[in-house]
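J.: fold the stuff below for me.
(chains A and B)
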Amino acid sequence: GAVVSQHPSWVICKSGTSVKIECRSLDFQATTMFWYRQFPKQSLMLMATSNEGSKATYEQGVEKDKFLINHASLTLSTLTVTSAHPEDSSFYICSARYLYTYNEQFFGPGTRLTVL
Amino acid sequence: SQQGEEDPQALSIQEGENATMNCSYKTSINNLQWYRQNSGRGLVHLILIRSNEREKHSGRLRVTLDTSKKSSSLLITASRAADTASYFCATGPWGGGADGLTFGKGTHLIIQP
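T.: The predicted model follows:
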């Protein structure tokens, strides 16, 4: 149990376009989902926390207008990278937590975004 | 902010040997977790140790936590080639799981056959 999926696994897009990444909890209801990004050979950095039905909370330095997060249901959160630029190229990973796993987060497999 | 710091940054050992990685953190924590990441892949949760625990075992893994020193170690015994990966510690903040995890920089482990 506690499986989290992401779609797509990888995406290549042109500079200036917007890209949507989906994060789904397959067998549980995720009250909270988190979005992380990881640059090559670096660690994961928390971008934002989203709770179902409310606005996401962004970490300092993360532009909320550029990285739009929607958590419309208990099983789906989306991250939209708007007007993507090459510097947005990164590995984006989501994780999900549900009410009864207070401290444990379940991670998706990640989405590799390359902006040309 | 980046709280956890792992050392060493990279480690190469022979198959069958034990591998030890250390993690230090700065603020009070509720728990500390270790994850493995194979190149270009997602994270695999290895073990969670709570702030009131000192040691935990899971198969070939042994984790210790010293809250007075704000440090943790991960020991992998009898290493295998398949253990080659990056290992990250991550801390959960005191106050619960409402916040995301803070990850360390990671240790890249290479097991030579």
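J.: can you give me the strands for chain A?
T.: A:4-7, A:10-13, A:19-25, A:32-38, A:44-51, A:57-58, A:67-73, A:76-81, A:90-97, A:106-107, A:111-115 (DSSP state E).
J.: show me which residues of chain B sit near chain A.
T.: Within chain B, the residues that sit near chain A (CB under 8 Å from any CB of the partner chain) are B:2, B:30-31, B:33, B:35, B:40-45, B:48, B:50, B:88, B:90, B:92, B:96-106. The C-beta positions use only the backbone N, C-alpha and C, and glycine is treated the same way.
J.: can you tell me which of those residues are in helices?
T.: Within the residues of chain B next to chain A, no residue falls in helices by DSSP state H.
J.: just the buried residues of the residues you listed.
T.: Buried members of those, scored by 16 or more other CB atoms under 10 Å in any protein chain shown, are B:30-31, B:33, B:35, B:42-43, B:45, B:48, B:88, B:90, B:92, B:97, B:99-106.
J.: show the pLDDT at the closest residue to residue A:16 other than its chain neighbours.
T.: Distance criterion CB to CB, 6 or more residues apart in numbering or on different chains; nearest residue to residue A:16, sequence neighbours excluded, is residue A:83 at 5.7 Å. Residue-level confidence at residue A:83 comes out at 96, pLDDT.
J.: so what's residue A:83 up against?
T.: A:16-18, A:66 (CB atoms under 8 Å, 6 or more residues apart in numbering or on different chains).
J.: by neighbours, which of these wins?
T.: residue A:66 (15 neighbours; other CB atoms under 10 Å in any protein chain shown).
J.: list the contacts for the closest residue to that residue other than its chain neighbours?
T.: In this structure, residue A:66 finds its nearest non-sequential neighbour in residue A:82, 5.6 Å apart by CB to CB, 6+ apart. Taking CB under 8 Å, 6+ apart as the contact definition, residue A:82 lies against A:18, A:65-68.
J.: for the lowest-mean-pLDDT helix or strand in chain B, packing partners?
T.: Least confident helix or strand, chain B: strand B:5-7 with a mean of 77, by mean pLDDT, DSSP states H and E. Contacts defined by 3 or more CB pairs under 8 Å, 6 or more residues apart in numbering or on different chains; DSSP states H and E place strand B:5-7 against strand B:19-24, strand B:85-93.
J.: okay, the ones you listed in TSV with mean pLDDT next?
T.: Shown next, in TSV, are the helices and strands packed on strand B:5-7 (pLDDT from 0 to 100):
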stretch	mean pLDDT
strand B:19-24	95
strand B:85-93	89
